[in-house]
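Student: Provide a 3D model corresponding to the input given below.
(4 chains)
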Number of protein chains: 2
Amino acid sequence: MARTRSGLGDFDDLTPLERPGPLRHRVQETLRELIIARTLAPGQHLVESELADRLQVSRGPVREALQALHANGWVDLRPGRGAFVHEPAGQEVDEVFVVRAALESEAAGLAASRTGPADIADLRTICQRGRQAVRASDETAVVAANSAFHLRVATLSGLDLLCGYITALDLRVRWLYKPVVRTRGMHSWDEHDEIIDALVAGDEALAARTMRSHSEQTRQAYKEVSGALGEAAENGRPQEPGVHR
Amino acid sequence: MARTRSGLGDFDDLTPLERPGPLRHRVQETLRELIIARTLAPGQHLVESELADRLQVSRGPVREALQALHANGWVDLRPGRGAFVHEPAGQEVDEVFVVRAALESEAAGLAASRTGPADIADLRTICQRGRQAVRASDETAVVAANSAFHLRVATLSGLDLLCGYITALDLRVRWLYKPVVRTRGMHSWDEHDEIIDALVAGDEALAARTMRSHSEQTRQAYKEVSGALGEAAENGRPQEPGVHR
DNA sequence: GACGCGCAAAGTGTTTACAGTTTACTGTTT
DNA sequence: AAACAGTAAACTGTAAACACTTTGCGCGTC
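Tutor: Below is the predicted model of the structure:
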């Protein structure tokens, strides 16, 4: 397995040297971070020239980054008026949870028949880190561990596409959920353990069901807290749908 | 319900006049169409200046369109080398079917409790159109009716986000599936009828199950035909996964 | 004082120009 | 003849400039 070439010896440690990479990537990631961190508030007008000035680049890369962010739902692009941080409206938060639940439970089901002992050990480690973070009230670490757990399960499905979608949705959840993280605490990690148990048992249906229920719990927690935060305006009926686009 | 204003009379027929809209949109859609039609072949190098010349625009809008297409998985962007039409590799086609199945069955389940008589009538009409197209061997019309049916069900879920994802995946399917459309014929429309029946019954679980099975059938059809088209290389084990990105 | 008109500032849409990288070719050396 | 270095063409990455649209403000009019 040693990757050697010509007669020049062993090159295994030789990693390609780092290169700056296109500006648009860094711009895109920077902006996404700022949006998630809510430094850039929903609805805020993202003026190209201002962003370009602050980031010390020209408008070109900024515009390209905005295109990509638009395609992923982080930014709304009103023709002739520019880019605005996307405003999650109405039932949208709920929708993210629903879609995520569907995809993650699918992933968990697929993972059940492919999970080895090493994978289980990884998952258990992540859970330990998560519990520790909860005890330490280290919010950032909790979020990180939670993301790591869900991403790890998604990866175990073996499907790159599914993994990509889930990762993207997880970022969205992290963004939307931010105002209300603290509430769920240790309970969430017990559910993670249940999921692991299902994976160990190799029971596809159970794994899928457990993951779905976990997602549903999280969604409920969100609903309660956000309901308490927002005015007590209880919309009895979910608002009229309408077609996407 | 009449939308009137001031004392100026009835404005219901007054639709905002059409405007050209940003070039990048039209470039993006044109390119996507060309990719789906396979005029632009997978792996093909998309040279910015050439596209710009042919479309009679400058490179700016072209680059922006390529960014958006990249974010949606139509185009690969190799830094320093440019844009290439995405090459579906290995199990990727299969993955699209899996994800689509998960999302569409979710949508069908949600639709079951929200479907009214008018919706049912619409769906039946679409099915009639589909059957007619199959009898007439009008491939384009078949594909159109099929897309319409699936999109309509997705819409009935009432979730815009879900709808958007499904629409995007449907385009992907249309692209990947293109080489092997003709085989499924009338059988597919019988399954569509079953789905409608489940919706009429208002049985969420049944609707979800039926839709999933329908998706699965389509996937199997794809596998058989593509297996027959490609060499008889029967990969026993689905190729090793690896992480997305 | 309310309304409408016109002007000016701000910002986006698009093009053009320039710098840096990649790639293929050509000639040279061993 | 094979391998290498050097070089030129092609193309991408980035910046800057120009044209047009939107938006807000001030002025005049009814």
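Student: and A:Ile196, how many neighbours?
Tutor: Neighbour count for A:Ile196, taken as other C-beta atoms under 10 Å in any protein chain shown: 21. (Glycine included, C-beta is placed from N, CA and C.)
Student: isn't it up against A:Leu123?
Tutor: Yes: applying C-beta atoms under 8 Å, one finds A:Ile196 in contact with A:Leu123, separated by 5.1 Å.
Student: give me the buried positions along the helix or strand harbouring A:His150.
Tutor: If you go by DSSP states H and E, A:His150 is part of helix A:139-156. Using 16 or more other C-beta atoms under 10 Å in any protein chain shown as the test for burial, helix A:139-156 gives A:142-151, A:153-156.
Student: packing partners for that helix?
Tutor: If contacts are counted by 3 or more C-beta pairs under 8 Å, 6 or more residues apart in numbering or on different chains; DSSP states H and E, helix A:139-156 sits against helix A:92-112, helix A:117-135, helix A:160-177, helix A:187-201.
Student: for A:Glu18, find the nearest of these.
Tutor: helix A:160-177 (23.0 Å; C-beta to C-beta).
Student: tell me the angle of the closest one relative to helix B:92-112?
Tutor: 50 degrees (axes from the mean of the first three to the mean of the last three C-alpha atoms, to 10 degrees).
Student: export helix A:160-177 to PDB, keeping only CA atoms.
Tutor: Only the C-alpha atoms of helix A:160-177 are listed here, as PDB (Å, rounded to 0.1, in the frame of the first residue of the first chain):
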ATOM      1  CA  ASP A 160     -22.700  10.900   0.100                       C
ATOM      2  CA  LEU A 161     -25.700  12.700  -1.300                       C
ATOM      3  CA  LEU A 162     -27.800  12.000   1.800                       C
ATOM      4  CA  CYS A 163     -24.900  13.100   3.900                       C
ATOM      5  CA  GLY A 164     -24.600  16.400   2.000                       C
ATOM      6  CA  TYR A 165     -28.300  17.200   2.400                       C
ATOM      7  CA  ILE A 166     -28.200  16.400   6.100                       C
ATOM      8  CA  THR A 167     -25.100  18.500   6.700                       C
ATOM      9  CA  ALA A 168     -26.800  21.400   5.000                       C
ATOM     10  CA  LEU A 169     -30.000  21.000   7.000                       C
ATOM     11  CA  ASP A 170     -28.000  20.700  10.200                       C
ATOM     12  CA  LEU A 171     -26.400  24.100   9.500                       C
ATOM     13  CA  ARG A 172     -29.900  25.500   9.000                       C
ATOM     14  CA  VAL A 173     -31.100  24.000  12.200                       C
ATOM     15  CA  ARG A 174     -28.100  25.300  14.000                       C
ATOM     16  CA  TRP A 175     -29.000  28.700  12.700                       C
ATOM     17  CA  LEU A 176     -32.700  28.600  13.400                       C
ATOM     18  CA  TYR A 177     -32.400  26.800  16.600                       C
END
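Student: show me what that helix is packed against.
Tutor: Applying 3+ C-beta pairs under 8 Å, 6+ apart, we find helix A:160-177 packed against helix A:23-36, helix A:92-112, helix A:139-156, helix A:204-229, helix B:92-112.
Student: A:Leu77 in helix, strand or coil?
Tutor: strand (DSSP: H, G, I helix; E, B strand; the rest coil).
Student: residue of chain A with the smallest distance to DNA strand C?
Tutor: As assessed by C-beta to the nearest atom of the strand, DNA strand C sits closest to A:Gly82 within chain A, at 2.8 Å.
Student: quick check: residues of chain A near DNA strand D?
Tutor: Residues of chain A lying close to DNA strand D by C-beta under 7 Å from any atom of the strand are A:20, A:22-24, A:56-61, A:80-81.
Student: just the angle for the least confident helix or strand in chain A by mean pLDDT relative to helix A:160-177, thanks.
Tutor: Every helix and strand of chain A was ranked by mean pLDDT, DSSP states H and E. The lowest is helix A:204-229, at a mean of 88. Angle between the axes of helix A:204-229 and helix A:160-177 is 20 degrees (criterion: the same axes, to 10 degrees).
Student: quick one: buried residues of helix A:204-229?
Tutor: A:204, A:206-212, A:214-215, A:218-219, A:221-222, A:225.
Student: touching chain B at all, that helix?
Tutor: No: Helix A:204-229 lies out of reach of chain B by C-beta under 8 Å from any C-beta of the partner chain, never closer than 9.9 Å.
Student: give me the distance between the residue of chain A closest to DNA strand C and chain B.
Tutor: 11 Å (C-beta to the nearest C-beta, to the nearest Å).
Student: stretch A:17-34 close to chain B?
Tutor: Yes: shown here: stretch A:17-34 in contact with chain B (C-beta under 8 Å from any C-beta) through A:21-22, A:24-25.
Student: so for that stretch, what's the average pLDDT?
Tutor: Averaged over stretch A:17-34, pLDDT sits at 91.
Student: please apply the same query to stretch A:38-46.
Tutor: Here stretch A:38-46 scores 96 as its mean pLDDT.
Student: cool, stretch A:74-91 as well?
Tutor: Here stretch A:74-91 scores 94 as its mean pLDDT.
Student: span of that stretch from start to end?
Tutor: Length of stretch A:74-91, first residue to last, C-alpha to C-alpha, to the nearest Å: 16 Å.
Student: how about stretch A:198-206?
Tutor: 6 Å.
Student: which SS class is A:Phe84?
Tutor: Under three-state DSSP, A:Phe84 falls in the strand class.
Student: next one: the residue nearest to it when sequence neighbours are not counted from B:Thr125, what distance?
Tutor: Nearest non-adjacent residue to A:Phe84, counting by C-beta to C-beta, 6 or more residues apart in numbering or on different chains: A:Asp76, 4.9 Å away. Separation of A:Asp76 from B:Thr125 (C-beta to C-beta, to the nearest Å): 34 Å.
Student: do A:Gln132 as well
Tutor: 59 Å.
Student: likewise A:Thr218?
Tutor: From A:Thr218 across to B:Thr125, the span is 40 Å (C-beta to C-beta).
Student: one step back: which one of the helices and strands packed on helix A:160-177 lies nearest to B:Arg32?
Tutor: Minimum separation from B:Arg32 across the helices and strands packed on helix A:160-177 (C-beta to C-beta) falls at helix B:92-112, 15.7 Å.
Student: name the helices or strands packed onto the closest one?
Tutor: So helix B:92-112, by 3+ C-beta pairs under 8 Å, 6+ apart, packs with helix A:92-112, helix A:160-177, helix B:139-156, helix B:160-177, helix B:187-201, helix B:204-229.
Student: any chance of those in CSV, plus distance to DNA strand C?
Tutor: What follows is the helices and strands packed on helix B:92-112, written out as CSV (distance: least, C-beta to the nearest atom of the strand, whole Å):
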stretch, distance to DNA strand C
helix A:92-112, 23
helix A:160-177, 22
helix B:139-156, 27
helix B:160-177, 21
helix B:187-201, 40
helix B:204-229, 29
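Student: those helices: lowest mean pLDDT?
Tutor: Minimum mean pLDDT among the helices and strands packed on helix B:92-112: helix B:204-229, a mean of 88.
Student: what angle do that one and helix B:187-201 make?
Tutor: 170 degrees.
Student: much appreciated, bye for now.
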